[in-house]
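Novice: model the structure of this input:
(one chain, ligands or ions: 1)
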Amino acid sequence: MCGIFGYVGSRNDAAIMAVEGLKSLEYRGYDSWGIAWKEEGNLSFRKEIGKISGVDGTTLSENCTLSIGHTRWATHGGVTQENAHPQFNEDRTIAVVHNGIFENYQEIRNELKAKGHVFVSETDTEIAPHLIEEYMKEGNDFARSVQLACRRFTGRYAVVAVHTTSDTLVAARTGSPLIVGVERGKGYFVASDTPAFLRHTKTVQYLDDGEMLVTDGKTILFWDILTGEEHPKREIEITTNIAEADKGKYAHYMLKEIMDQKESVARAVNQDEAEILAVADAIRNAKGTFLAGCGTAGKACMAAEYFFSVIAKHHVNFTPASEFKLYHHFLQPQSLLIVVSQSGETADVLEAMNVAKAAGSKVLSIVNVAGSSIDRASDYTLHINAGPERAVASTKALTGQLAVLLLTAYALAGKLQEGKKLLLEVSSMINDMLNPRYVDRLEALAGKIKEKEDLYIIGKSWNYPMALESAIKIQEVSYIHAEGFAGGELKHGPIALIEERTPCIVLAGNDEVLPDILSNAVQLKARGAQVIGVSPESNEIFDEWIRVPDAGPAQAIVNIIPIQVLSYFLAVQRGKDPDMPRNLAKSVTVK
Ligand code: AGP
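Specialist: Prediction:
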């Protein structure tokens with residue numbers, strides 16, 4: 001939920017790099033930002049409410065080789081300057097940035113207050129510099145004091161800490177991401193995600209849960225927080241490139257990432273066939289297969305229930321990851337949990353994985369970010385290869401997730417090549433669909449409904465989860481109250497919401513449930529709704545028709561794309577920032 005950054009090395013523009021690094025992490029949280037840098041033996045700092053994207057970092061010191069930074073999504077304490085990170089001890093000799101939550105912060109805060117410590121913020125984070133100071137008073141060096149403090153913390157966190165008298169940077173993680181960027185012979189970066197240092201290096205080292213690191217910019221040591229045992233780390237070259245990570249010619253990341261779907265679905269389909277077949281075997285042999293994910297990724301899992309049912313005649317169970325712990329009664333060592341996550345860092349998903357592991361079950365993850373916590377904690381992983389997704393609204397990741405799940409269902413049915421052929425055809429359909437005229441048509445439609453405050457979406461079969469996903473997309477970027485329903489559920493309550501000219505989107509395909517969903521559309525029409533059909537064929541019921549290709553069992557993948565484009569234009573035309581919606585962040589690393 002926050003972005004953290006650190007640098008130590010031979011470069012003297014550490015403060016400027018901190019600002020630039022935070023700009024690449026802003027998608028993780030943008031309530032406030034702050035940096036601290038070491039200059040002539042003191043810790044200087046700058047903290048501001050609001051987004052860092054417009055800040056000119058070049059005016060900052062060019063005489064510092066050590067810095068830390070933070071871009072915040074508020075959890076404990078409001079959006080104020082005092083609550084912005086870095087957080088300090090009273091004499092400002094220690095600065096700490098933190099992502100996650102110290103669940104036992106109240107107990108530690110009271111203990112420190114009793115020892116005379118004075119706190120100036122409402123954050124949980126502020127206990128860290130004060131607790132580190134206490135351990136240093138007991139004669140421990142800075143790194144050891146950070147280690148002892150981390151042993152006290154409970155909850156998911158990643159921290160980076162610096163001290164005025166030490167030329168080292170110390171970092172630790174348990175449950176929140178932190179990756180090391182290596183500039184051999186020059187210095188080391190630490191950050192929540194690689195875009196923060198990608199312009200400087202593609203060589204990384206992964207810090208795992210329960211580990212910490214100490215670096216002076218020349219060398220780096222990794223060790224276990226609890227045991228102190230040293231953990232040597234390999235240096236790994238990552239393939240992500242800057243162009244992929246930047247928005248290029250587009251006004252917003254969201255539009256760029258929607259357009260990326262011209263290629264990203266094909267990349268998702270291009271899986272190692274042996275791996276897909278192995279996953280299909282794991283599902284076939286499991287005693288109960290469960291799917292778990294959150295938000296948009298959860299809707300991909302829900303659609304997969306229909307894929308596995310219709311294509312492979314195989315029963316799987318979806319549950320929102322945050323609800324999964326209540327399923328532990330059904331889990332056994334032969335069970336399989338499939339988790340889907342774009343970021344690979346979602347706390348609710350990590351918790352669901354822990355529930356499955358506690359029962360001895362295997363875990364398969366379908367992720368976009370290779371090397372993420374979920375990736376590294378899984379028994380098997382399939383990567384959707386969508387490339388960096390920076391907009392808070394998940395678009396290309398969703399269609400990649402759907403493609404991998406549908407391909408797996410075909411593999412389970414013994415029809416892998418048939419599934420691959422269909423999905424590669426769908427990929428070229430998407431490429432044809434996302435043309436300027438089509439986008440202009442959707443921009444014009446957004447103009448017709450942008451003043452509406454309520455909007456409903458219905459679907460059936462795999463289009464029902466897409467109706468729910470459509471609601472998330474429209475809600476989170478335009479702030480219109482959008483709700484999705486199973487078409488058949490309308491008459492059992494929701495239809496009471498329909499008034500004259502209420503916009504209602506109907507998701508359909510040329511399939512066995514088309515007559516049913518059209519019948520639901522008639523019910524909407526009869527009550528005065530403005531019916532917007534998303535369908536391969538037009539129909540007299542539709543007041544507006546958004547044509548989509550006939551994609552058969554992959555209809556969910558093509559149907560959601562015009563909704564993504566429509567959501568984008570609704571946001572822009574309502575004066576909202578589609579990339580960084582209010583109250584949200586890209587990766588929900590807290591429960
Ligand atoms: C999607 O548009 C939302 N931003 C959100 O629902 C997201 O899908 C959810 O938080 C899960 O994130 P993940 O895929 O990174 O686990």
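Novice: buried set for stretch 297-311?
Specialist: By 16 or more other CB atoms under 10 Å, the buried positions in stretch 297-311 come out as 297-308, 310-311. The way it works is simple: take the backbone N, C-alpha and C, and place the C-beta from them, glycine included.
Novice: which one of the residues you listed is nearest to the ligand?
Specialist: Using CB to the nearest ligand atom, A297 comes nearest to the ligand of the buried residues of stretch 297-311, at 3.6 Å.
Novice: and that closest one, what does it touch?
Specialist: Counting by CB atoms under 8 Å, 6 or more residues apart in numbering, A297 touches V340, S341, Q342, T346, V349, S394, A397, L398, Q401.
Novice: was I right to think the first one contacts G293?
Specialist: So the one you mean is V340. Yes: judged on CB atoms under 8 Å, V340 makes contact with G293 at a distance of 4.0 Å.
Novice: who has more neighbours out of those two?
Specialist: V340 (34 against 29; other CB atoms under 10 Å).
Novice: secondary structure element holding the more buried one?
Specialist: strand 336-341 (DSSP states H and E).
Novice: min pLDDT across the contacts of A297, which one?
Specialist: Lowest pLDDT among these: T346, with 94.
Novice: what about that one, distance to the ligand?
Specialist: T346 sits 3 Å away from the ligand, going by CB to the nearest ligand atom, to the nearest Å.
Novice: quick check: that residue touching S587?
Specialist: Yes: with contact defined as CB under 8 Å, T346 counts as touching S587 (6.7 Å).
Novice: give me the neighbour count for R437.
Specialist: Around R437 there are 7 residues (other CB under 10 Å).
Novice: distance check, it against A444.
Specialist: Per CB to CB, to the nearest Å, R437 is found 11 Å from A444.
Novice: E540: which element?
Specialist: With DSSP H and E as the test, E540 turns up in no helix or strand.
Novice: so which helix or strand of this protein has the lowest pLDDT on average?
Specialist: Every helix and strand in the chain was compared by mean pLDDT, DSSP states H and E; the lowest is helix 242-245, with a mean of 66.
Novice: next structured bit after it?
Specialist: Sequence order places helix 253-259 as the next helix or strand after helix 242-245, per DSSP H and E.
Novice: find the nearest non-adjacent residue to whichever residue of the chain sits closest to the ligand, please.
Specialist: Minimum separation of the chain from the ligand (CB to the nearest ligand atom) falls at G295, amounting to 1.8 Å. Take G295 and drop its neighbours on the chain: the residue closest to it by CB to CB, 6 or more residues apart in numbering is I472, 6.1 Å away.
Novice: list the contacts for that neighbour?
Specialist: Going by CB under 8 Å, 6+ apart, I472 touches G295, T296, K299.
Novice: T296 too?
Specialist: Q342, A393, S394, A397, L398, E469, I472, K473.
Novice: now do the SS call for the fifth one.
Specialist: Assigned with DSSP: H, G, I helix; E, B strand; the rest coil, L398 falls in the helix class.
Novice: wait, it touches A300, no?
Specialist: Yes: counting by CB under 8 Å, L398 does reach A300; the two are 5.8 Å apart.
Novice: now do the strands in the stretch 101-250 of the chain.
Specialist: 157-163, 169-174, 179-183, 187-191, 203-206, 211-215, 220-224, 236-237 (DSSP state E, counting those that start in this stretch).
Novice: residues contacting M17?
Specialist: By CB under 8 Å, 6+ apart, the neighbours of M17 are Y7, R11, S67, F189, H200.
Novice: apologies, that question was intended for V548.
Specialist: M433, V534, S535, P536, Q555, V558, N559, I561, P562.
Novice: can you tell me which of these has the most neighbours?
Specialist: The most crowded member of the contacts of V548, judged by other CB under 10 Å, is V534 (29 neighbours).
Novice: which SSE is that one in?
Specialist: Taking DSSP H and E as the definition, V534 sits inside strand 530-535.
Novice: just the CA trace of that strand, in PDB.
Specialist: Coordinates of each C-alpha in strand 530-535 appear next as PDB, following Å, rounded to 0.1, in the frame of the first residue of the first chain:
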ATOM      1  CA  GLN A 530     -31.300   2.700 -21.300                       C
ATOM      2  CA  VAL A 531     -30.100  -0.700 -22.500                       C
ATOM      3  CA  ILE A 532     -26.500  -0.800 -23.700                       C
ATOM      4  CA  GLY A 533     -25.700  -4.200 -25.400                       C
ATOM      5  CA  VAL A 534     -22.200  -5.600 -25.500                       C
ATOM      6  CA  SER A 535     -22.700  -8.400 -27.900                       C
END
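Novice: perfect, that will be all.
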